[in-house]
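[1] Provided below for reference: sequence and predicted model.
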Amino acid sequence: MAPYDYDDDDLEDFHDDIPDFQDEQEFDDYLNDEEYDLMSQQFPQAKKALQDYQGWNNLAVKLAIFDSDFDLDQALINLKRTYKKKKTPAPKPIIATPQAVNSLSADTKKLSITGNDEVWFEDEDDKIDKKDEPVLKTYKRTTVPTKPRNMIDIKKYIENTKPHCSFVVLGHVDAGKSTLMGRLLYDIGAVDNQLIRKLKKESESIGKGSFHLAWVMDQTKEERERGVTVSICTSDFETDKVKFTIVDAPGHRDFVPNAIQGISQADVGVLSIDCGTDAFESGFNLDGQTKEHALLARSMGVHYLIIVMNKMDSVNWSEERFQKVKADLSVFFDEIGFKENQIEWVPVSGLSGAGVYKIPYPEAQNWYQGPNLVQRLEELAEKVYKVSSSEVLDTPFLFAITDVTTSKKAGEAIITGRVEAGSIQPGETITIYPSEQSVLVDKITSGNEDKTVPIAIKNDFVTLKLRHAFPEDIQAGDLGAYVTIEIPPSQNLKLHMLTFKLGRPILPGTPVMLFKGVREQPARINKLVSLVDKHDVEKIIKKKVRHLSSGQAAIVEVELVEKKRWIPILTFQQNKHLGRVILRKDGKTIAAGIILDSSI
Ligand SMILES: Nc1nc2c(ncn2[C@@H]2O[C@H](COP(=O)(O)OP(=O)(O)OP(=O)(O)O)[C@@H](O)[C@H]2O)c(=O)[nH]1
């Protein structure tokens with residue numbers, strides 16, 4: 001036998017030296033530090049070289065590099081012998097228009113389902129043709145404030161105005177979110193009977209009578225959209241005590257990017273849990289959206305959660321079931337840092353309406369005497385409003401734009417969004433970033449009927465009609481700011497970042513999608529500066545960081561790779577709501593961060 005001819009037994013012996021790895025993470029953990037560093041250098045190069053080959057996966061590539069003793073050329077020879085060349089050449093890069101960026105996230109959603117490593121290789125970063133990025137037009141910014149047309153005493157206005165609160169409805173697929181919201185809007189009288197009758201007839205005709213309630217939200221959404229692409233849909237309703245806005249991102253509510261957009265505009269989260277037997281377990285224990293939505297809400301600064309213990313009718317209003325689900329969830333909420341006084345629990349049936357607004361609980365439910373869902377919302381709204389309204393006078397106006405409607409009138413733009421700080425009145429001038437155009441606020445409207453209002457204050461959802469504007473240079477995700485505020489362009493951010501459950505470690509150079517409000521931008525984690533305490537940025541745990549794994553807190557430097565249309569960035573210190581970001585990769589949320597510095 002020639003010295004290098006192995007028979008099958010020999011090969012088996014050879015492979016016995018290293019364990020059988022279940023996945024890439026396990027293999028990464030097996031490597032020592034030196035090997036890990038070598039792998040981090042060679043693996044991306046190998047993937048690039050295998051772009052036109054099919055059938056491989058990350059673990060196979062890493063094993064080949066390892067087996068060839070980190071001789072990359074030899075590993076590639078072996079891999080190219082093993083895997084076939086693709087018939088069609090690698091796809092052309094997608095141009096980085098906003099549409100393309102949207103389609104990137106659509107791709108990544110699909111990818112997480114297929115788990116195809118071949119496609120995974122098309123990192124967000126690789127799809128961007130930098131030459132074709134949209135060019136940002138900038139204007140001369142005025143720094144001289146203009147006076148409101150009718151001076152309003154803001155303090156008095158706040159005292160005499162109903163609190164306003166926005167909330168987002170979250171939860172696993174089929175947790176009953178749409179039915180619940182339909183029921184709420186119906187019972188409160190925010191949808192007319194004619195629409196309900198029409199929807200009932202339609203749903204009965206297809207044998208799904210209960211669906212008419214779920215369709216209420218979709219109907220109002222359709223009405224709101226009116227054929228225009230919008231990033232956020234809102235439905236307003238009011239009770240005797242509070243004005244509410246339900247925020248919802250179009251598209252499927254269960255897709256995380258949509259949930260992120262919705263959460264970014266909300267003061268309170270309403271998390272619907274299907275308490276039906278086994279339903280809770282499938283949505284919670286198996287990494288369902290319940291966990292991810294709660295974690296996102298926590299990371300994005302939502303201060304209060306109402307846990308709607310839904311579908312209680314299906315378990316005959318069993319207290320035991322309620323307590324069991326509550327106990328399981330409480331452990332998790334505690335783990336992710338929600339305090340007990342930030343969470344309220346309400347048993348309901350969205351379908352029958354018991355516990356939602358005006359329909360009382362049935363006899364079987366005699367163990368919960370607390371407020372119903374709307375009463376709980378009112379209570380929290382008053383708490384949130386007390387804090388936010390006390391800050392109105394101390395901070396200059398900031399406005400997160402969620403939608404832009406073009407107007408036929410020259411120089412007119414209509415922007416919708418949320419007031420993030422301070423207040424605004426007609427007659428005042430503001431700057432729109434990043435185009436730096438100075439525009440005059442002509443009219444403010446709010447609510448489903450676009451009623452004219454004299455002023456908008458922190459946390460209000462309003463539409464501003466602007467004069468002297470260049471609407472073609474305003475986009476959702478832009479920021480309106482009082483004229484004295486200056487927001488310089490920034491592409492490099494320093495984050496205090498907390499990693500979520502990771503499939504693979506984060507290495508320097510990792511391309512990601514950065515979500516900020518309604519915007520998503522391709523970015524790259526350039527530097528892992530240090531490992532720090534989760535609660536204390538100042539407390540450095542380790543200075544030299546090679547990679548980050550699940551559940552770690554770190555200071556990192558992130559570069560936004562789309563250079564020509566920068567997004568306005570404020571630090572966490574400047575605005576606690578706007579200074580937050582979420583990072584996703586391959587359709588999975590990998591980290592949340594607060595912006596420490598935007599001028600590095
Ligand atoms: N027994 C019972 N069934 C309910 C209740 N609420 C909703 N359902 C049923 O649960 C299913 C899902 O309800 P949806 O309201 O569509 O759930 P969803 O969370 O909005 O689902 P997506 O729109 O897919 O995200 C439907 O068949 C509803 O009729 C409830 O309170 N009790």
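    Ah, there it is. The model shown is predicted, which means the values in this text are computed figures rather than measured ones. Residues are numbered from 1 along each chain as shown.

[2] only C-alpha atoms for contact and neighbour calcs from this point on.
    Will do.

[3] Spatially central residue in this protein, please.
    Among the residues of the chain, the smallest C-alpha distance to the mean C-alpha position (Cα atoms, centre = their mean) belongs to Ile260, namely 1.7 Å.

[4] The host helix or strand of it vs the ligand: in contact?
    Secondary structure assigned from DSSP states H and E places Ile260 in helix 256-264. No. Helix 256-264 stays clear of the ligand (Cα under 6 Å from any ligand atom), getting no nearer than 10.9 Å.

[5] and the helix ranked longest in the chain, C-alpha only, in PDB?
    Of all the segments of type helix in the chain, defined by DSSP state H, the longest one is helix 373-391. Presented in PDB, the C-alpha positions along helix 373-391 are these (Å, rounded to 0.1, in the frame of the first residue of the first chain):
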ATOM      1  CA  LEU A 373     -57.600  46.100  29.600                       C
ATOM      2  CA  VAL A 374     -58.800  49.600  28.800                       C
ATOM      3  CA  GLN A 375     -58.800  50.600  32.400                       C
ATOM      4  CA  ARG A 376     -55.200  49.400  32.700                       C
ATOM      5  CA  LEU A 377     -54.300  51.300  29.600                       C
ATOM      6  CA  GLU A 378     -55.800  54.400  31.000                       C
ATOM      7  CA  GLU A 379     -53.800  54.000  34.200                       C
ATOM      8  CA  LEU A 380     -50.500  53.500  32.500                       C
ATOM      9  CA  ALA A 381     -51.300  56.300  30.000                       C
ATOM     10  CA  GLU A 382     -51.700  58.700  32.900                       C
ATOM     11  CA  LYS A 383     -48.400  57.600  34.400                       C
ATOM     12  CA  VAL A 384     -46.500  58.000  31.100                       C
ATOM     13  CA  TYR A 385     -48.100  61.300  30.400                       C
ATOM     14  CA  LYS A 386     -47.200  62.700  33.800                       C
ATOM     15  CA  VAL A 387     -43.600  62.100  33.100                       C
ATOM     16  CA  SER A 388     -43.500  63.100  29.400                       C
ATOM     17  CA  SER A 389     -45.600  66.300  29.800                       C
ATOM     18  CA  SER A 390     -43.300  67.400  32.600                       C
ATOM     19  CA  GLU A 391     -40.400  67.300  30.100                       C
END
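
[6] Please name the nearest non-neighbouring residue to whatever residue of the stretch 351-500 of the chain ends up closest to the ligand.
    Sorted by distance to the ligand under Cα to the nearest ligand atom, the residues of the stretch 351-500 of the chain start with Leu351, at 3.9 Å. The shortest distance from Leu351 to any residue other than its chain neighbours is 6.3 Å, reached at Thr179 (Cα to Cα, 6 or more residues apart in numbering).

[7] Report how many residues lie close to the one you found.
    Neighbourhood size, Thr179 [other Cα atoms under 10 Å]: 24.

[8] Please identify the helix or strand for it.
    With the criterion set as DSSP H and E, the secondary-structure element containing Thr179 is helix 177-188.

[9] Helix 373-391 and that helix, what's the angle between them?
    90 degrees (axes from the mean of the first three to the mean of the last three Cα atoms, to 10 degrees).

[10] Can you tell me the strand partners of the longest strand along the chain and which way each runs?
    When secondary structure is assigned using DSSP state E, the longest strand within the chain turns out to be strand 519-532. Next to strand 519-532 in the sheet, as set by DSSP bridges, lie strand 510-516 (antiparallel), strand 540-542 (antiparallel), strand 553-560 (antiparallel).

[11] Buried residues of the helix or strand just after the last one, list them for me.
    Downstream of strand 553-560, the first helix or strand assigned by DSSP H and E is strand 580-585. Neighbour counts using 16 or more other Cα atoms under 10 Å place Arg580, Val581, Ile582, Leu583, Arg584, Lys585 of strand 580-585 among the buried residues.

[12] With stretch 366-386 instead?
    Along stretch 366-386, these residues count as buried under the neighbour rule (16+ other Cα under 10 Å): 371-378, 380-382, 384-385.

[13] and stretch 335-354, how far out from the chain's middle?
    Here stretch 335-354 shows a centroid-to-chain-centroid distance of 21 Å under the convention Cα atoms, centre = their mean, to the nearest Å.

[14] Other residues contacting it?
    176, 179-181, 183-184, 210, 213, 295, 298, 303-313, 322, 333-334, 355-356, 359-362, 368, 370-373, 376 (Cα atoms under 8 Å, 6 or more residues apart in numbering).

[15] what subset of the residues you listed is also close to the ligand?
    When contact is defined as Cα under 6 Å from any ligand atom, the contacts of stretch 335-354 meet the ligand at Gly176, Thr179, Ser210, Asn310, Lys311, Asp313.

[16] So for stretch 367-379, first residue to last residue, what's the gap.
    21 Å (Cα to Cα, to the nearest Å).

[17] Please disregard the earlier target; I meant stretch 581-593.
    Stretch 581-593 has an end-to-end distance of 5 Å (Cα to Cα).

[18] Over to stretch 313-322?
    Using Cα to Cα, the gap from the first to the last residue of stretch 313-322 comes to 11 Å.

[19] which parts of it are buried?
    So stretch 313-322, judged by 16+ other Cα under 10 Å, has buried residues Asp313, Trp317, Ser318, Glu319, Arg321, Phe322.

[20] now what about it, what contacts it?
    Cys275, Gly276, Thr277, Met309, Met312, Pro347, Val348, Ser349, Ala364, Gln365, Trp367.

[21] nearest residue to the third one other than its sequence neighbours?
    If the residues on either side of it in the chain are set aside, Thr277 comes closest to Val315, at 7.0 Å by Cα to Cα, 6+ apart.

[22] Tell me which residues touch Val441, please.
    Contacts of Val441 were listed using Cα under 8 Å, 6+ apart, and they are Gln425, Pro426, Gly427, Glu428, Thr429, Ile430, Leu464, Lys465, Leu466, Arg467.

[23] and it, that one's in a helix?
    No. Using DSSP: H, G, I helix; E, B strand; the rest coil, the secondary structure at Val441 is strand, not a helix.

[24] per-residue confidence for it?
    At Val441, the predicted lDDT confidence score is 96.

[25] Distance-wise, check it relative to Pro257.
    31 Å.

[26] Same check on Arg524?
    Applying Cα to Cα, the value for Arg524 to Pro257 is 18 Å.

[27] Of the two, give the one with the bigger neighbour count.
    Neighbour comparison, Arg524 and Pro257: the larger count goes to Pro257, with 26 against 22 (by other Cα under 10 Å).

[28] Give me the distance between that one and Gln365.
    In this structure, Pro257 and Gln365 are 37 Å apart, going by Cα to Cα.

[29] Who are the packing partners of the host helix or strand of Arg197?
    Counting by DSSP H and E, the secondary-structure element that holds Arg197 is helix 193-205. The elements that helix 193-205 packs onto, with contact taken as 3 or more Cα pairs under 8 Å, 6 or more residues apart in numbering; DSSP states H and E, are helix 211-225.

[30] repeat that for 10 Å
    Helices and strands touching helix 193-205, by 3 or more Cα pairs under 10 Å, 6 or more residues apart in numbering; DSSP states H and E, are helix 177-188, helix 211-225.
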